[in-house]
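Participant: the sequence isn't on hand, but the structure is:
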């Protein structure tokens, strides 16, 4: 009598492991920087920027700084400062800002401004750690992504910034806050180029990324993208009769993509 060997059942293929949402948030924190320009009288103009890895048309790597256009427009000099952070051997960090040229000697802007939206982009040379931290271009939401992912009122979005020039610590890391989408409709973007976020906005927050990660709360049974997405750029607060309503205005990330395309179309200086 022959023994029949029954092959063991194949082991189930493990499901792909997503990075925990805090890792994804950390990545966006690492890519966000403070922008400022002292006025010589003990005051300074402050804004927020974030880095995007946006290859040149020929495919070579490039780091692009994104912010609100009015951040640079309110800085009259030729140089601003960009707030790099340096890791120390003992695990601490040091705030190490460096000059950032934003205008030529004749005051011609170095950045590219979106023609209709409060968005500015410019190519920069970043330290290696920041170049590696730059957000992939594919994380910027396009014209149809809000519909694809069924983003709607009440969904939570996160934002990073430097309210009134304040950072999370002496190392210069941005402050993370959460708000809910407070307006509808959100699309088509051509008709609704901005949307509202229910959280207070202060000077220094402008230019910060507004984004979604799996840690944010959404309506049940809605599709979940497999990476964070940048929903837009914080550009202003809502005021009525001089009173701040504690509501932010966000320009859709689509306009960042447009501004980068416009930068690539411009003739070389």
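Facilitator: That came in fine, so what should we check first? These numbers were taken from a predicted model, which means no experiment stands behind them.

Participant: packing partners for the helix ranked longest in the chain?
Facilitator: In the chain, with assignment by DSSP state H, the single longest helix is helix 254-265. Applying 3 or more CB pairs under 8 Å, 6 or more residues apart in numbering; DSSP states H and E, we find helix 254-265 packed against strand 63-67, strand 112-113, strand 120-124, strand 229-240. For every residue, glycine as well, the C-beta is placed using N, CA and C.

Participant: what's next to the helix or strand following the first one, contact-wise?
Facilitator: Think strand 63-67. Counting by DSSP states H and E, the element after strand 63-67 in chain order, helix or strand, is helix 69-73. For helix 69-73, the external contacting residues (CB atoms under 8 Å, 6 or more residues apart in numbering) are 35, 45, 47-49, 80, 102, 109, 111, 113-114, 117-120, 206-207, 235.

Participant: now, of the residues you listed, which are buried?
Facilitator: 35, 45, 47-49, 80, 102, 111, 113-114, 117-120, 206-207, 235 (16 or more other CB atoms under 10 Å).

Participant: poorly predicted segments of this structure, please.
Facilitator: 1-23, 214-227, 267-269 (pLDDT under 70).

Participant: give the bridge partners for residue 159, please.
Facilitator: residue 177, residue 210 (DSSP bridges).

Participant: quick check: it touching residue 212?
Facilitator: No. The criterion here is CB atoms under 8 Å, and residue 159 misses it with residue 212 at 10.7 Å.

Participant: the inter-axis angle of the longest helix of the chain versus strand 120-124?
Facilitator: Angle of helix 254-265 versus strand 120-124, following axes from the mean of the first three to the mean of the last three CA atoms, to 10 degrees, is 50 degrees.

Participant: give me every residue that touches the residue nearest the centre of the chain.
Facilitator: Residue closest to the mean C-alpha point of the chain, counted by CA atoms, centre = their mean, is residue 209 at 2.8 Å. With contact set as CB under 8 Å, 6+ apart, residue 209 has these partners: 28, 31, 32, 50, 66, 135, 159, 160, 230, 233, 234.

Participant: for the closest residue to residue 140 other than its chain neighbours, which residues are in contact?
Facilitator: Leaving aside its chain neighbours, residue 140 sits nearest to residue 253 (4.3 Å; criterion: CB to CB, 6 or more residues apart in numbering). Applying CB under 8 Å, 6+ apart, we find residue 253 in contact with 140, 141, 142, 229, 230, 231, 232, 233.

Participant: ChimeraX command to pick out the buried ones of those residues?
Facilitator: Here is the ChimeraX command that picks out the buried ones among these, judged by 16+ other CB under 10 Å:
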select :140,141,229,230,231,232,233
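
Participant: farthest-separated two in the contacts of residue 253?
Facilitator: 142 and 233 (14.4 Å; CB to CB).

Participant: and stretch 193-206, what's buried?
Facilitator: Buried-residue list, stretch 193-206, by 16+ other CB under 10 Å: 193, 194, 195, 196, 197, 198, 199, 201, 202, 204, 205, 206.

Participant: for those, give me CSV that also has secondary structure and distance to residue 98.
Facilitator: Below are those laid out as CSV (DSSP: H, G, I helix; E, B strand; the rest coil; distance: CB to CB, whole Å):
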residue, secondary structure, distance to residue 98
193, coil, 33
194, strand, 32
195, strand, 34
196, strand, 35
197, strand, 31
198, strand, 35
199, coil, 30
201, coil, 27
202, coil, 25
204, coil, 19
205, coil, 22
206, coil, 21
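
Participant: would you mind giving these as TSV with distance to residue 86 added?
Facilitator: Shown next, in TSV, are the buried residues of stretch 193-206 (distance: CB to CB, whole Å):
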residue	distance to residue 86
193	38
194	36
195	36
196	37
197	32
198	36
199	30
201	29
202	27
204	22
205	24
206	25
